[in-house]
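[1] here is my input; please provide its structure:
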Amino acid sequence: MNSNYLKCIKVFLLSLFSDFKEKFEYLDSKVIHTELAKKFRVRKKYGFVYSGFVYRDKIIKDLIWQIKFRKKVRAVLEFKEFMNLVLKSLVLGEKINSDAEIILIPVPLHRKRLKERGFNQAELIANLFLNSGNVVSVTKISVRNDLIKRINYSVKQSWKNKQARVNQKNPFLIVNPEIFDGKIIIIVDDVVTTGTTLQMIKTAIESDCCPIKIFAITVAN
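    I've put the predicted structure just below:
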């Protein structure tokens, strides 16, 4: 697909949200928190993915766009309380032992995409689970962004249709597979749609490693 055409599509999509975004930036954090609390509900999809919100909701979509495309990285903090409640629900629902070691794996960006964007939004979300007091009674939780690599550079997932996502080859490579052994692995991302990316990472881990269990947490689905 022509790169100029893709850029035009992106500009058009951003323009659809511009009026609401300008208003949204001036909303008080307490107002945002109240709205998020109304919309929050833990949902489980595809048998292993836990989410707290529905992406089609206007405020949820706007917050994620603020973070991802407008680089308002501090906006991710609005989700901190709620994401830890999702983790708590996962730990309780899956009966994970308190002495288990959890490794949070942000969905990796290709190095070129990371250079373009300047940050990985999945890693920002994963870091919300650190230093969260007694929300989750698990002995050890860590974030590792060095255990899985994305080895091919392609069109952004948000620009692919469902069929293109399903048909793509697995672009993820496991690094130091022995670190996964005996751990609870939780893959972290902002949004799950078809579940293809999360499933490919899960498949790559299962092929090379021996974790106790693998789950995923996303802000929205």
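[2] only C-alpha atoms from now on, for both contacts and neighbour counts.
    Noted.
[3] centroid-nearest residue for the chain?
    Against the mean C-alpha coordinate of the chain, by Cα atoms, centre = their mean, the closest residue is Asp189 at 1.0 Å.
[4] beta-bridge partners for that residue, please?
    Applying DSSP bridges to Asp189 gives these bridge partners: Thr218.
[5] what's it in contact with, if anything?
    106-107, 121-123, 125-126, 216-219 (Cα atoms under 8 Å, 6 or more residues apart in numbering).
[6] angles on the backbone of the residue lying closest to Asp146 once chain neighbours are set aside, please.
    In space, and not counting its chain neighbours, Asp146 is closest to Val175: 7.2 Å by Cα to Cα, 6 or more residues apart in numbering. Backbone torsions of Val175, given as degrees, to the nearest 10, read phi -110, psi 130.
[7] wait, Val175 sits on Arg150?
    No: here Val175 lies out of contact with Arg150, judged by Cα atoms under 8 Å, at a distance of 10.7 Å.
[8] pull out the buried residues from stretch 99-117.
    100-110, 113 (16 or more other Cα atoms under 10 Å).
[9] now render those residues as CSV, adding pLDDT.
    Shown next, in CSV, are the buried residues of stretch 99-117 (pLDDT from 0 to 100):
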residue, pLDDT
Ala100, 86
Glu101, 91
Ile102, 93
Ile103, 96
Leu104, 96
Ile105, 97
Pro106, 97
Val107, 97
Pro108, 95
Leu109, 92
His110, 90
Arg113, 87
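[10] got the residues you listed as TSV, with secondary structure columns?
    As requested, those are exported to TSV (DSSP: H, G, I helix; E, B strand; the rest coil):
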residue	secondary structure
Ala100	coil
Glu101	strand
Ile102	strand
Ile103	strand
Leu104	strand
Ile105	strand
Pro106	strand
Val107	coil
Pro108	coil
Leu109	coil
His110	coil
Arg113	helix
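[11] with respect to Lys140, which of these is nearest?
    Glu101 (5.0 Å; Cα to Cα).
[12] which one is that closest one nearest to, not counting chain neighbours?
    In this structure, Glu101 finds its nearest non-sequential neighbour in Lys140, 5.0 Å apart by Cα to Cα, 6+ apart.
[13] where's the one you found relative to Val49, distance?
    Using Cα to Cα, to the nearest Å, Lys140 is found at 21 Å from Val49.
[14] more crowded one of these two?
    Val49 (22 against 12; other Cα atoms under 10 Å).
[15] distance check, that one against Gln121.
    Taking Cα to Cα, one finds Val49 at 18 Å from Gln121.
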